[in-house]
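[1] sequence below, structure please.
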Amino acid sequence: MNKIKYFFQFLIVIAMFFIFKVLGLRLSSYLGGKIFQIIGPFFRSKKLIHQNIMKAFPNIDQKKINELTSAMWDNYGRVFAEYVFIKNFRITNLNNNIIVDGKEILDEIKKNNEKVVFISGHFSNFELMAMQLEKMGIKIAAVYRPLNNVFLNKIMERIRKKYICKNQIKKGIGGLKDLLKLNKEGYSTALMIDQRVTQGSRLNFFNEKAFTTTIPAQLVKKFNIPVVPIFIERFDGIKFKMKVQKPIYFPVGDHFKFFGLLSNCDIAEYCLESTQYIYISDPLSSSELETNAIRLPSGDHLGLLSS
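    Modelled structure (predicted):
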């Protein structure tokens, strides 16, 4: 039954992608945003989204909640439409649509051939971050979660590997082996840390305890490498600014504790400044949730925490 549902979803998405391709990037991005503002609430719980926003903004009023929800769906719809034009962002004049704040930090990482762990959350068009890092000459491997829809997943994996980041690491034990191999070959790692996991450490996220992936902390401890928070925001419709923060080095012996406290704190603080954060997931719950966000097992896999 699921395969039939997924196949019809696949046909609808392909049809929409074809229309977007004809319309062009700017109009498609705008139209995608408007469509998702209409249909989005039918696919995700309005109550859940409002609860997440109230956790981020405890003193917010209902009018502002509605405005943030509408802005979120607008951004999410734009991201959906922009998948058709990822190639253009990568290899045509659209590469001028992405401004990098902190380019000197990336230049230094590249110059020193330094391995780092890039961390971020689901802001704006989050797919563009790994793409931009690779375009700028950073050797990088990006962790991702395959889509549940097997038909759409084939297309998305092709887009990601060809135009976003060549080294796409699938979540799971097999992916961790690939991640370790690439790390030893000098590749940095990029992953989202705001997705739900069902294992890991319960750390503060908007003043509530949430399971947080420990994979970045394990990499930091195992290889003694720094963490680089990065974020992206949209402006003027189809233009973006990617912000790269300075590398954070952790004292030997307490990587796990310090990283856990820092990572969710940075994400939460940036959420408070952004109207483009995707509030549809529920990281504060311990049950499973199917989203487009990546998820990784969070135990001490493959002896990562061993000395």
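[2] quick one: buried residues of stretch 134-147?
    Using 16 or more other CB atoms under 10 Å as the test for burial, stretch 134-147 gives 134-136, 138-147. Quick note: C-beta positions are derived from backbone N, CA and C, even for glycine.
[3] what does stretch 89-96 give?
    Neighbour-count burial for stretch 89-96 flags Phe89, Arg90, Leu94 (criterion: 16+ other CB under 10 Å).
[4] can you lay out the residues you listed as a markdown table showing distance to Ile248 and pLDDT?
    Listed next are those as a markdown table, based on distance: CB to CB, whole Å; pLDDT from 0 to 100:
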| residue | distance to Ile248 | pLDDT |
| --- | --- | --- |
| Phe89 | 28 | 90 |
| Arg90 | 29 | 88 |
| Leu94 | 31 | 75 |
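[5] filter those residues down to the ones in helices?
    Per DSSP state H, helices hold the following members of those: Phe89, Arg90.
[6] of the buried residues of stretch 134-147, the lowest pLDDT goes to which?
    Ranked by pLDDT, these bottom out at Arg145, which scores 80.
[7] wait, it touches Ile169, no?
    No: judged on CB atoms under 8 Å, Arg145 makes no contact with Ile169 at a distance of 10.4 Å.
[8] which residues in the stretch 51-200 of the chain form strands?
    Under the criterion DSSP state E, counting those that start in this stretch, the stretch 51-200 of the chain contains strands at 98-101, 117-120, 140-144, 167-170, 188-192.
[9] can you redo these as JSON lines with distance to Ile39?
    Output for these, formatted as JSON lines (distance: least, CB to CB, whole Å):
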{"stretch": "strand 98-101", "distance to Ile39": "28"}
{"stretch": "strand 117-120", "distance to Ile39": "27"}
{"stretch": "strand 140-144", "distance to Ile39": "25"}
{"stretch": "strand 167-170", "distance to Ile39": "28"}
{"stretch": "strand 188-192", "distance to Ile39": "24"}
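[10] next one: Ala257, what pLDDT does it get?
    Quick fix: residue 257 is Lys, not Ala. You'll see Lys257 listed with a pLDDT of 53.
[11] and Met54, how many neighbours?
    Met54 has 14 neighbours, counted by other CB atoms under 10 Å.
[12] show me the biggest strand of the protein in terms of residues.
    The single longest strand within the chain, with elements called by DSSP state E, is strand 227-235.
[13] against which helices or strands is it packed?
    The contact analysis (3 or more CB pairs under 8 Å, 6 or more residues apart in numbering; DSSP states H and E) places strand 227-235 against strand 117-120, helix 127-135, strand 239-244, helix 255-273.
[14] mind redoing it with 6 Å?
    With contacts defined as 3 or more CB pairs under 6 Å, 6 or more residues apart in numbering; DSSP states H and E, the packing partners of strand 227-235 are strand 117-120, strand 239-244.
[15] which regions of the stretch 1-150 of the chain sit below the pLDDT cut-off?
    Under the criterion pLDDT under 70, the flagged ranges of the stretch 1-150 of the chain are 93.
[16] quick one, helices of it?
    Using DSSP state H, counting those that start in this stretch, the helices of the stretch 1-150 of the chain run over residues 2-23, 25-43, 46-56, 62-82, 86-91, 103-111, 127-135, 150-159.
[17] what comes up buried for stretch 10-22?
    Neighbour count says stretch 10-22 has Phe10, Val13, Met16, Phe17, Phe20 buried, by 16+ other CB under 10 Å.
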